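Peer 1: Build me a model from this:
(one chain, ligands or ions: 2)
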Amino acid sequence: MKTINDINFKDKKALVRVDFNVPLNDNFEVTDTTRIHAAKDTIIKILEDEGSVILMSHLGRPKGNQEEFSLKHIVAAATDILGVQVKFVEDCIGDAAQQAAANLQPCEVLLLENLRFYSEETAGDASFAKALSQLGNVYVNDAFGTAHRAHASTAIIAQYFDEKCFGHLMTREIESLNKVLETPDKPVVAILGGAKVSSKITVIENILDKVDDLIIAGGMAYTFIKAQGGKIGDSLCEDDKMELALEILEKAKSKNTNIHLPVDAITADAFSEHATIDNAAIDAIPNGWMGLDIGEKSRSQFHTVLMQAKTILWNGPAGVFELEPFSHGTISLGKSVAASTAAGAFSLVGGGDSVAAVKQFGFDNQVSYVSTGGGAMLEMLEGKTLPGIAAILD
Ligand SMILES: Nc1ncnc2c1ncn2[C@@H]1O[C@H](COP(=O)(O)OP(=O)(O)OP(=O)(O)O)[C@@H](O)[C@H]1O
Ligand SMILES: O=C(O)[C@H](O)COP(=O)(O)O
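Peer 2: Numbers count the residues shown, from 1 in each chain. Ligands and ions are numbered 1, 2, ... in the order given. The predicted structure is shown next:
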């Protein structure tokens, strides 16, 4: 299969699907430019070849043509980051888009209006995909964050191009995950956190025989503790998943995977940063109290496990990190992952909340790789083939 480096884009018009679904503030300024930075080397490669770049993306989940979701809000940030004036056209298909694409000169960049202003995008409509495809003569998919969507611009459009490839970001994401799940240095330690067992079951099942140690933290740990007879007070629990939790523990034993659950918790008498706060053994939380973070002993045990790791995968926070009193377990995990990385481990952080936490606490430059994908990363961890990836490989 061709990579982007195998293609010479001179005098070609590259139609590049990026994921510029970035957060905006009330003044419509981009508050996190990570995804734009992440697409930069792909765009620069095409410009250096003296090709032209037509960028297409979605922004948010608009219902029709809603101005607040216009990609015109991204133009200033993209121009600044790329160091090239980004032109903008207020449609992604039709006469205006065709004119703008036709007028585009080598070394120029054009951004199309939000693809999701057309419901045909999310519907995976073939005629919409075909209309988009007519704007360029090479298709590059670099939208890892959207690769789990079988949409017109990610999965359907590729069939209309003879020349197509992944961009650099897509390649980095796939290679990083393969490094963790397919060809890792051992021992491999995965940390799974977050609110619910139910949202991570498929991930647990898929990675159980790929990792040596699995640290289960966050709200999802309490279902495992209660299932084993522990008292968890008012902590988060999915009673209907307790049997499954026990099955997972059994399965792990048979596969020689060590599961590490927290041994203590930071407890609170309300879900609030103004709550009264205490410590408790993880299996002896009184009624009226809930565990909102992992305790000191758990942090220290997890640190020991992480310092022995050669490969680390982290998905999901250790506690309610959005509230300061319950952020310290997640910060402690971040420090341990950073220390292990400094000692030579390869560490990958993926998923929406874990990436938000890692950035908020400043660990993003101290881990080996931070994924730009939320749902896309989770679906890869579940072992699924992502439509946006399959379309290029086909
Ligand atoms: N002990 C806990 N009790 C209640 N909520 C918790 C607890 N620990 C973590 N959380 C919450 O879990 C949420 C994240 O859980 P969620 O299942 O959404 O993870 P996620 O979004 O899948 O993670 P990621 O996006 O990193 O994959 C956070 O908002 C956090 O506050
Ligand atoms: O932010 C994301 O996860 C991607 O851009 C996909 O967005 P979506 O969940 O609205 O499809």
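
Peer 1: Report the buried residues of stretch 349-364.
Peer 2: Under the neighbour-count criterion of 16 or more other C-beta atoms under 10 Å, stretch 349-364 has 349-358, 361, 363-364 buried. From N, CA and C alone the C-beta is placed, and that goes for glycine too.

Peer 1: where does the residue in the stretch 51-200 of the chain positioned nearest to ligand 1 fall, phi/psi-wise?
Peer 2: Using C-beta to the nearest ligand atom, residue 194 is the residue of the stretch 51-200 of the chain that sits closest to ligand 1, at 2.8 Å. Comment: the main-chain dihedrals of residue 194 come out as phi 100, psi -180, following degrees, to the nearest 10.

Peer 1: Just the pLDDT for whichever residue of the stretch 151-300 of the chain sits closest to ligand 2.
Peer 2: Here the residue of the stretch 151-300 of the chain nearest ligand 2 is residue 151; by C-beta to the nearest ligand atom that distance is 7.9 Å. Here the pLDDT value assigned to residue 151 is 98.

Peer 1: can you check residue 2 too?
Peer 2: With respect to pLDDT, residue 2 scores 73.

Peer 1: and if you look at residue 58?
Peer 2: In this model, residue 58 is scored at 98, pLDDT.

Peer 1: swap in residue 245?
Peer 2: Value listed for residue 245 in the pLDDT field: 96.

Peer 1: Can you name every helix or strand that the helix or strand of the chain with the lowest mean pLDDT contacts?
Peer 2: Least confident helix or strand, the chain: helix 352-360 with a mean of 87, by mean pLDDT, DSSP states H and E. Counting contacts by 3 or more C-beta pairs under 8 Å, 6 or more residues apart in numbering; DSSP states H and E, helix 352-360 packs against strand 311-315, helix 328-342, strand 369-370.

Peer 1: Contacts only, for the residue of the stretch 51-200 of the chain closest to ligand 1.
Peer 2: Residue 194 sits next to 200, 218-220, 315-317, 351, 353-354 when contact means C-beta atoms under 8 Å, 6 or more residues apart in numbering.

Peer 1: cool, and residue 98?
Peer 2: Residues touching residue 98, when contacts are defined by C-beta under 8 Å, 6+ apart, comprise 134-135.

Peer 1: number of nearby residues for the closest residue to ligand 2 within the stretch 1-150 of the chain?
Peer 2: Taking C-beta to the nearest ligand atom as the measure, the point where the stretch 1-150 of the chain comes nearest ligand 2 is residue 21, at 3.4 Å. Counted with other C-beta atoms under 10 Å, residues neighbouring residue 21 total 21.

Peer 1: sorry, back to before: quick one: the residue of the stretch 151-300 of the chain closest to ligand 2 and residue 125 touch, right?
Peer 2: No: with contact taken as C-beta atoms under 8 Å, residue 151 and residue 125 are classed as non-touching, separated by 9.2 Å.

Peer 1: who's more crowded, the two?
Peer 2: Neighbours were counted for residue 151 and for residue 125 using other C-beta under 10 Å; residue 151 has more, 26 against 16.

Peer 1: what separates the more buried one from residue 114, distance-wise?
Peer 2: As judged by C-beta to C-beta, to the nearest Å, residue 151 and residue 114 stand 12 Å apart.

Peer 1: intersection of neighbour lists for these two?
Peer 2: Joint contacts of residue 151 and residue 114 (C-beta under 8 Å, 6+ apart) are residue 58.

Peer 1: before we move on, the earlier item: highest mean neighbour count out of the helices and strands packed on helix 352-360?
Peer 2: Highest mean neighbour count among these (mean count of other C-beta atoms under 10 Å): strand 311-315, with a mean of 27.

Peer 1: Please identify the residues of the protein in proximity to ligand 2?
Peer 2: Residues of the chain lying near ligand 2 by C-beta under 6 Å from any ligand atom: 19, 21, 61, 145-146, 149, 374-375.

Peer 1: try it again with 5 Å
Peer 2: Residues of the chain lying near ligand 2 by C-beta under 5 Å from any ligand atom: 19, 21, 145-146, 374-375.

Peer 1: Pull up the residues of the stretch 201-350 of the chain that are close to ligand 1.
Peer 2: 218-219, 236, 292, 315-316, 319-320.

Peer 1: Try it again at 6 Å.
Peer 2: Contact residues of the stretch 201-350 of the chain with respect to ligand 1, defined by C-beta under 6 Å from any ligand atom, are listed as 218-219, 236, 291-292, 315-317, 319-320, 322.
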